[in-house]
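Engineer: generate coordinates for the sequence data below:
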Amino acid sequence: MAGNTFGNLFKVTNWGESHGPAIGVVVDGCPSNLEISTAEIQKELNRRRPGQSDVSTPRKERDQVEILSGVLDGKTTGTPISLMIRNKDYKSEDYSTFTETYRPGHADFTYKMKYGIRDPFGGGRSSARITAGHVAAGAFAKKYLKEKINLKVTGFVKKVKDIAVDIDPLDVNPDIIESNIVRCPDPEIAKEMVKLIEEHKEIGESVGGIIECCVKNVPVGLGEPVFSKLNADLAHAIMSINATKGFEIGDGFGVAELTGSQNNDEFTLDEDGNIKTKTNHAGGIYGGISSGMPIVFRVAFKPVPTIGKQQNTVNEKGEKVKLAAKGRHDPCVLPRAVPIVEAMTAITLMDHYLMHQSRQ
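Structural biologist: Presented below is the predicted three-dimensional model:
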């Protein structure tokens, strides 16, 4: 398996390179008669596109999506949906110093060792540029799940380096998240985050952080044990995103410090007699199956490896060299990664929802 396709019934196949003529995605298995417009897909893509603020790469791409197949008169036909985004503002000359030199922390080295060849221009398939396809596909999953079960996926920047926001993910306001360029639910903390990113950008550095995601109105029963547990597939989907280095759901690694009675979510009944839990330490999943409580997880992103600060490395000839990277790169991927995390979450839940429905 080449690793470019994700999903079982809702299949997403990503294609293209950072500096190629175009990038895109094929979505197979989307139910027919879902009303969706180019504008709705574009709205999601605009949240991810480069050049949208001072804390993102200055590469100017409009990321205009073209629907090539699978949608007729604004409705999905049930056949494969092919989406394409043309690359316009790529400057391959900026990468001339990388053609024979391995960037520290980058996939340059591993791609060359695996395939015997690599695309140095923008990183080719290892570039976060290709995640535009994830977001385009996620627009279909998001809308379908919203219409069918009122499912809502909300991601936000929880932490940038050592600056964090302390907020209950159930209480975040999506409008506030989208009101600032760092996508933090606290406007004052957002200002501190922006300042920190700009300071590191000035000295040729980059910073990482944490994105938290909350999914509301998840039905009970999603998940396919043993090897396709919902939390396992979510981890698979999220960890496939560029620059991700950690995933934890519910209380995550914090459960290692708890006792059983502290960690257990006691069952109770709501005012309508429905079973729920008093707490949600599990993050909405037991035994790989959704419990009906909100799914809450966090993902850690590393600092972008391509930086202007000089570093020691080697080239393909085996010579020790120094590298101070040039080009247009994000000093922090977190703000643009929020819609990518939401998209991969929606794609995973869409796939599991369709599998669950097929059992009924």
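Engineer: quick one: contacts for Leu234?
Structural biologist: The neighbours of Leu234, taking CB atoms under 8 Å, 6 or more residues apart in numbering as the test, are Phe247, Ile249, Ile295, Phe297, Thr345, Thr348. For glycine as for every other residue, the C-beta is placed from the backbone atoms N, C-alpha and C.
Engineer: next one: Asp270
Structural biologist: Lys276.
Engineer: against Gln357, how distant is it?
Structural biologist: Distance from Asp270 to Gln357, counting by CB to CB, to the nearest Å: 25 Å.
Engineer: output the below-cut-off pLDDT ranges for the stretch 1-150 of the chain.
Structural biologist: Applying pLDDT under 70 to the predicted model, the residue ranges of the stretch 1-150 of the chain that meet it are 1, 58-59, 89-96.
Engineer: where along it do the strands fall?
Structural biologist: Taking DSSP state E, counting those that start in this stretch as the criterion, the stretch 1-150 of the chain contains strands spanning 5-6, 11-16, 22-28, 65-69, 71-72, 75-76, 81-86.
Engineer: JSON lines please, covering those strands and showing distance to Asp175 and mean neighbour count.
Structural biologist: What follows is the strands of the stretch 1-150 of the chain, written out as JSON lines (distance: least, CB to CB, whole Å; neighbours: other CB atoms under 10 Å):
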{"stretch": "strand 5-6", "distance to Asp175": "30", "mean neighbour count": "16"}
{"stretch": "strand 11-16", "distance to Asp175": "28", "mean neighbour count": "21"}
{"stretch": "strand 22-28", "distance to Asp175": "28", "mean neighbour count": "21"}
{"stretch": "strand 65-69", "distance to Asp175": "24", "mean neighbour count": "16"}
{"stretch": "strand 71-72", "distance to Asp175": "29", "mean neighbour count": "16"}
{"stretch": "strand 75-76", "distance to Asp175": "29", "mean neighbour count": "16"}
{"stretch": "strand 81-86", "distance to Asp175": "27", "mean neighbour count": "21"}
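Engineer: dump those into TSV; add distance to Ile211 as well.
Structural biologist: Putting these into TSV (distance: least, CB to CB, whole Å) gives the following:
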stretch	distance to Ile211
strand 5-6	19
strand 11-16	20
strand 22-28	21
strand 65-69	23
strand 71-72	30
strand 75-76	29
strand 81-86	23
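Engineer: among those, which is nearest Ile177?
Structural biologist: The minimum distance between Ile177 and the strands of the stretch 1-150 of the chain falls on strand 65-69, with 22.7 Å, by CB to CB.
Engineer: between the closest one and strand 22-28, how many degrees?
Structural biologist: Compare the direction of strand 65-69 with that of strand 22-28 by axes from the mean of the first three to the mean of the last three CA atoms, to 10 degrees and you get 50 degrees.
Engineer: run the chain-centre distance for strand 65-69.
Structural biologist: 22 Å (CA atoms, centre = their mean, to the nearest Å).
Engineer: what is that strand packed up against?
Structural biologist: Counting contacts by 3 or more CB pairs under 8 Å, 6 or more residues apart in numbering; DSSP states H and E, the secondary-structure elements packed against strand 65-69 are helix 38-48, strand 81-86.
Engineer: for the longest one, which residues meet the burial criterion?
Structural biologist: The one in question is helix 38-48. If you call a residue buried by 16 or more other CB atoms under 10 Å, then helix 38-48 has these buried ones: Thr38, Ile41, Gln42, Glu44, Leu45, Arg47, Arg48.
Engineer: show me what that helix is packed against.
Structural biologist: Under the contact criterion of 3+ CB pairs under 8 Å, 6+ apart, helix 38-48 touches strand 65-69, helix 131-149, helix 334-359.
Engineer: buried ones in stretch 234-242?
Structural biologist: Leu234, Ala235, Ala237, Ile238, Ile241, Asn242.
Engineer: between those, which is nearest Glu316?
Structural biologist: The shortest distance between Glu316 and any of those, using CB to CB, involves Asn242 and amounts to 22.8 Å.
Engineer: surely the closest one is in contact with Ala132?
Structural biologist: No. Assessed by CB atoms under 8 Å, Asn242 is found out of contact with Ala132, at 11.7 Å.
Engineer: dump the buried residues of helix 38-48 to a markdown table, plus distance to Tyr102.
Structural biologist: Output for the buried residues of helix 38-48, formatted as a markdown table (distance: CB to CB, whole Å):
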| residue | distance to Tyr102 |
| --- | --- |
| Thr38 | 40 |
| Ile41 | 36 |
| Gln42 | 36 |
| Glu44 | 34 |
| Leu45 | 31 |
| Arg47 | 32 |
| Arg48 | 28 |
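Engineer: out of those, which is nearest to Asp73?
Structural biologist: Thr38 (12.5 Å).
Engineer: and of the helices and strands packed on helix 38-48, who's closest to Glu224?
Structural biologist: helix 334-359 (6.0 Å).
Engineer: could you pull out the helices for the stretch 201-350 of the chain?
Structural biologist: With DSSP state H, counting those that start in this stretch, the ranges of helices along the stretch 201-350 of the chain come out as 230-239, 260-263, 334-359.
Engineer: using PDB, write out every CA atom in the second one.
Structural biologist: These are the backbone C-alpha positions of helix 260-263, laid out as PDB (Å, rounded to 0.1, in the frame of the first residue of the first chain):
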ATOM      1  CA  GLY A 260      -9.000   3.900  38.900                       C
ATOM      2  CA  SER A 261     -11.700   5.800  40.900                       C
ATOM      3  CA  GLN A 262     -10.300   9.100  39.800                       C
ATOM      4  CA  ASN A 263     -10.000   8.200  36.200                       C
END
